[in-house]
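> this one's sequence-less:
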């Protein structure tokens with residue numbers, strides 16, 4: 001799932017980090033929220049992590065709410081947390097601006113929050129796999145023969161809906177009308193090799209495959225998720241996938257061939273949450289088989305372009321979100337080393353693409369989106385692990401080295417530096433504020 005800063009701002013990329021569990025006792029868990037003046041000055045930064053989403057005060061760096069197990073709505077306007085007390089799960093709705101709990105709902109059994117709807121009126125929770133001692137890498141399914149899913153109304157006005165699906169499913173997103181829950185179905189269920197997109201009809205409980213954009217039959221694809229972003233303009237979810245080497249599909253002939261026949265192709269999976277179709281949009285061969293840390297995606301503020309960056313190969317691809325075709329590629333002197341973590345952001349006017357790399361001493365490269373030339377490059381005193389734009393679009397938040405810096409977009413000058421909440425890296429920052 002991916003949030004965006006607001007309806008007038010571009011979406012940011014979901015990335016992989018973890019805030020310490022100890023830090024999750026602040027804000028929405030009972031501590032006092034930051035002063036209103038500090039919060040309004042810097043906005044609130046919603047950081048999406050591999051272990052949960054968090055809201056961070058943009059003026060002080062203090063944790064406002066969230067952390068381990070928390071999930072933000074796609075627009076970042078709400079956080080949800082599930083806590084199990086040994087008999088039931090309490091779903092808590094948190095305002096990320098204030099850190100205050102605005103509602104609770106009690107559910108039977110042990111459940112983890114998976115995804116929230118765009119409207120904020122539906123949350124999908126999944127029963128964890130019993131006995132799963134080790135979490136797999138992101139995007140790789142846990143073997144399971146059945147998937148218990150609960151769809152709850154966080155306001156408590158409607159009764160929760162319970163489903164026990166035969167097979168291995170993972171919630172992906174809700175349709176914009178909240179009538180369907182899109183799921184990734186992993187096949188075979190207990191030895192996952194490929195996935196296909198399906199939709200759970202919340203009224204009937206039926207699960208059906210999701211057709212392609214042009215009513216084509218659904219595809220079965222091997223692949224591991226690298227990054228994901230939701231664009232509120234097109235109402236589309238973009239997921240960057242890299243096909244695994246043949247071992248991932250080994251032995252599953254129904255997927256369409258032997259393991260060695262699968263190329264390590266990188267593609268963007270597009271899921272339209274309004275019209276309900278899915279489509280795999282291919283990327284240039286030069287981007288295939290890339291390292292997850294080296295690639296990132298971001299949508300332009302007007303929703304018409306999707307940018308895909310491979311920092312190590314110094315490649316930028318531009319996709320037209322209407323035709324879903326790559327309309328341009330360019331080699332840009334980003335200067336990142338192999339294995340460098342990459343994050344990107346697009347300026348509010350769409351004129352510049354900012355690329356941050358964790359290589360070496362860290363640097364942020366500003367690229368003109370019309371000419372794909374380097375307009376500026378700003379050095380950093382520490383490796384940058386994630387970036388995000390301020391609410392007014394005039395500043396850039398840059399996280400790294402246990403700190404968050406605020407940079408002036410016009411000059412690259414560091415305006416302020418604050419400690420980050422916890423010792424773990426923050427990757428990807430996204431500012432939100434009062435409506």
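Received, thanks. Everything numeric in this text was worked out from a predicted model, so none of it was measured.
> At which residues are the helices of the chain located?
Taking DSSP state H as the criterion, the chain carries its helices at 36-42.
> ok, and the closest non-adjacent residue to residue 382?
Distance criterion C-beta to C-beta, 6 or more residues apart in numbering; nearest residue to residue 382, sequence neighbours excluded, is residue 401 at 3.3 Å. Where you see a C-beta, it was placed from the backbone N, CA and C, and this is true even at glycine.
> Which strand residues bridge the spatially closest residue to residue 213 that is not a sequence neighbour?
Residue nearest to residue 213 in three dimensions, not counting chain neighbours: residue 279, with 4.1 Å by C-beta to C-beta, 6+ apart. Counting by DSSP bridges, residue 279 is bridged to residue 270.
> Give the burial count for residue 279, as a bare number.
For residue 279, the count of nearby residues is 20 (other C-beta atoms under 10 Å).
> coming back round to it: the residue nearest to residue 382 against residue 386, yeah?
No: counting by C-beta atoms under 8 Å, residue 401 stays clear of residue 386, with 11.6 Å between them.
> Between these two, tell me which one has more neighbours.
residue 386 (31 against 18).
> Any figure for the gap between the more buried one and residue 297?
14 Å (C-beta to C-beta, to the nearest Å).
> Just the strands from the stretch 301-435 of the chain, written as ranges.
Applying DSSP state E, counting those that start in this stretch to the stretch 301-435 of the chain gives strands spanning 305-310, 315-320, 325-331, 342-346, 352-357, 363-368, 374-379, 386-389, 395-400, 403-408, 414-419, 431-432.
> Redo those strands as CSV? Include mean pLDDT and distance to residue 114.
Output for the strands of the stretch 301-435 of the chain, formatted as CSV (pLDDT from 0 to 100; distance: least, C-beta to C-beta, whole Å):
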stretch, mean pLDDT, distance to residue 114
strand 305-310, 96, 24
strand 315-320, 96, 27
strand 325-331, 95, 31
strand 342-346, 92, 24
strand 352-357, 91, 29
strand 363-368, 91, 33
strand 374-379, 90, 38
strand 386-389, 89, 23
strand 395-400, 88, 26
strand 403-408, 89, 28
strand 414-419, 89, 31
strand 431-432, 88, 21
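> Let's have the ones you listed in CSV, adding distance to residue 127.
Shown next, in CSV, are those (distance: least, C-beta to C-beta, whole Å):
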stretch, distance to residue 127
strand 305-310, 34
strand 315-320, 36
strand 325-331, 40
strand 342-346, 33
strand 352-357, 37
strand 363-368, 42
strand 374-379, 46
strand 386-389, 31
strand 395-400, 33
strand 403-408, 36
strand 414-419, 37
strand 431-432, 31
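> Indicate which one of those strands is closest to residue 73.
Minimum separation from residue 73 across the strands of the stretch 301-435 of the chain (C-beta to C-beta) falls at strand 431-432, 10.4 Å.
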